[in-house]
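1. give me a model of this one.
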Amino acid sequence: MKIYMVGGAVRDRLLGREVSDRDWVVVGATPEQMVAQGYLPVGRDFPVFLHPKTREEYALARTERKSGRGYRGFVVQTSPEVTLEEDLARRDLTINSIATNARPKSAADYFDPYHGQRDLEKRVLRHVTDAFREDPVRILRVARFAARLTDFSVAPETLQLMREMVAHGEADHLVAERVWQELARGLMEEQPSRMFEVLRACGALAVVLPEVNRLWGVPQRADHHPEIDTGIHLMMVLDMAAHLKAPLTVRFACLVHDLGKATTPAHVLPRHLGHEERSAQLLKGLAARLRVPLDCREIADVVAREHGNIHRSAELDAAALVRLIERCDGIRKPERFAEILLACECDARGRLGRQASAYPQRQRLREALVALQAVATATIAASAAAAGVTGPKVGEMIHAARVKAVAAWLASAATPTPAA
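-> Here you go, the predicted model:
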């Protein structure tokens, strides 16, 4: 039995990046031998074990043979005769096909039959063998690595192979859960726009996210969007979300906030009247198809519907501000409202020449929410009950008190502070 560290841990170590998770491959062992040494079996499709102390994953060396379409169409073979080189051959990229011992001290400690170290030096994402074409998830993984390793390029032959896979229908068989998993990871990378650029370049974006793919080439008003092209704007918004360290909920909302612009009638362009409601409707279908988590769906829906109103909130009076915050459910869910405002800031600053601009709407609405939260709704409800007022009338009294509180806050914010 021989044990090697493989995959991302080796790659990141060679790149000088922080190593978070370590994966191990075991050559020359049987499942029975692993169990006898205290390893806990957890693999469903092939033998994977947890170390009895570290709980890190140890997988038996294996080969894979294509037996059908899509992600699950594989026959996996494991045996003590499978070599380390055979195991590395089934991996996606050369930079992920390097193995080493637990504590490498020199170049001699690395086993690199597919020249992954050379591609690390050249900053190239290159497939290992032609077996790459057997798993469509690898298309998404290459795109995700492009978003993470921002100074790497995709090898021309790898991009061509990805195009062929899409043309042959392999991307049509991607499982929704895997698409969302890779998409979510890609959105959280350093430069998420690169993921979508790679997916567009190979044709996969039109298959997995057609609603997003249609945004390129859709014009916008130059006074609002100097970059004009909606697809370009979308990429700038995503990268702004990464720059502001936004969570996944915000980044997903940024991705889908303008879907409706692709359905604007040609005679209306470059204006996009009513695109907010169309974006929300398209979001429903996309989120259901990919089984997007509920927290991401809810924030994305509010951002799609309300981002225009939030951008224009400086023009709103007290009553309109209260209605806006109530529609966003900001009083009941202030943390979620903060994420909605962050997504809107990403949208506003994700425009050509405006990346460094301030977005005062975010702070203004946060302060307005504080004024609303100070309204003693329980006291109002108790007073209404004492006066015999019930039902919707109580809600109207609370709403009126909130408008009054925001109006007072607006007046105080507009009054200059006397000099000392």
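
2. what sits against K261?
-> Counting by C-beta atoms under 8 Å, 6 or more residues apart in numbering, K261 makes contact with 215, 218, 220, 230, 272, 275, 279. All C-beta spots, glycine's among them, are computed from the backbone N, C-alpha and C.

3. out of those residues, who's nearest C202?
-> L215 (17.6 Å; C-beta to C-beta).

4. before we move on, the earlier item: just the buried ones among the contacts of K261, please.
-> Neighbour-count burial (16 or more other C-beta atoms under 10 Å) is assigned, among those, to 215, 218, 220, 230, 272, 275, 279.

5. in a markdown table: these, plus pLDDT, distance to V389 and secondary structure.
-> Below are the buried ones among the contacts of K261 laid out as a markdown table (pLDDT from 0 to 100; distance: C-beta to C-beta, whole Å; DSSP: H, G, I helix; E, B strand; the rest coil):
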| residue | pLDDT | distance to V389 | secondary structure |
| --- | --- | --- | --- |
| L215 | 98 | 50 | coil |
| V218 | 95 | 51 | coil |
| Q220 | 94 | 49 | coil |
| T230 | 97 | 49 | helix |
| H272 | 94 | 44 | coil |
| H275 | 95 | 41 | helix |
| S279 | 97 | 40 | helix |
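
6. quick one: which two of the contacts of K261 are the most distant?
-> Farthest pair in the contacts of K261 (C-beta to C-beta) is Q220 and S279. Separation: 13.6 Å.

7. export the buried ones among the contacts of K261 to a markdown table and tack on distance to E345?
-> Shown next, in a markdown table, are the buried ones among the contacts of K261 (distance: C-beta to C-beta, whole Å):
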| residue | distance to E345 |
| --- | --- |
| L215 | 20 |
| V218 | 23 |
| Q220 | 18 |
| T230 | 19 |
| H272 | 20 |
| H275 | 19 |
| S279 | 18 |
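
8. tell me where the model's unsure across this protein.
-> Along the chain, segments meeting pLDDT under 70 span 45, 65-75, 415-420.

9. center of it, which residue is that?
-> L187 (2.7 Å; C-alpha atoms, centre = their mean).

10. that one against R251, yeah?
-> Yes - look at L187 against R251 with C-beta atoms under 8 Å: they come within range, at 4.3 Å.

11. list the residues that contact both of those two?
-> L238.

12. packing partners of the helix ranked longest in the chain?
-> Longest helix in the chain by number of residues, with DSSP state H as the criterion: helix 392-414. Under the contact definition 3 or more C-beta pairs under 8 Å, 6 or more residues apart in numbering; DSSP states H and E, helix 392-414 sits against helix 318-327, helix 360-373, helix 377-386.

13. what's the angle from the first one to helix 392-414?
-> With axes from the mean of the first three to the mean of the last three C-alpha atoms, to 10 degrees defining the directions, helix 318-327 sits at 120 degrees from helix 392-414.

14. list the contacts of helix 318-327.
-> Contacts of helix 318-327 (C-beta under 8 Å, 6+ apart): 302, 305-306, 309-310, 313, 316, 331, 337, 365, 368-369, 372, 399, 402-404, 406-407, 410.

15. list of residues touching the helix or strand containing I299?
-> Per DSSP states H and E, I299 falls inside helix 294-311. Contacts with helix 294-311, where a contact means C-beta under 8 Å, 6+ apart, come from 248-250, 252-260, 276-277, 279-280, 283-284, 287, 292, 316, 324, 327-329, 336, 339-341, 343-344, 347-348, 361, 365.

16. for that helix, which positions count as buried?
-> 296-307, 309-311.

17. export that helix as CSV, just CAs?
-> What follows is helix 294-311 as a C-alpha-only set of coordinates in CSV (Å, rounded to 0.1, in the frame of the first residue of the first chain):
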residue,chain,number,x,y,z
LEU,A,294,-34.3,29.3,-1.3
ASP,A,295,-32.2,32.1,0.3
CYS,A,296,-30.6,32.8,-3.1
ARG,A,297,-34.0,32.8,-4.8
GLU,A,298,-35.6,35.2,-2.4
ILE,A,299,-32.9,37.8,-2.5
ALA,A,300,-32.6,37.5,-6.3
ASP,A,301,-36.3,38.0,-6.7
VAL,A,302,-36.4,41.2,-4.7
VAL,A,303,-33.3,42.6,-6.4
ALA,A,304,-34.7,41.8,-9.8
ARG,A,305,-38.0,43.6,-9.0
GLU,A,306,-36.7,46.6,-7.0
HIS,A,307,-33.2,47.5,-8.1
GLY,A,308,-34.4,50.3,-10.2
ASN,A,309,-36.5,51.8,-7.4
ILE,A,310,-33.5,51.4,-5.0
HIS,A,311,-31.3,53.3,-7.4
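
18. quick one: that helix to helix 360-373, angle?
-> 110 degrees.

19. neighbours of C344, just the number please.
-> By other C-beta atoms under 10 Å, the residues close to C344 number 27.

20. contacts only, for it.
-> 303, 307, 310-311, 359, 361-362.

21. from V406, how far off is it?
-> Between C344 and V406 the computed distance is 19 Å (C-beta to C-beta, to the nearest Å).

22. could you do M5 as well?
-> 58 Å.

23. neighbour-wise, which of the two wins?
-> The residue with more neighbours, out of M5 and V406, is V406; 24 against 20, by other C-beta under 10 Å.

24. thought A374 was touching the more buried one, still the case?
-> No - using C-beta under 8 Å, V406 is not in contact with A374, being 10.1 Å away.
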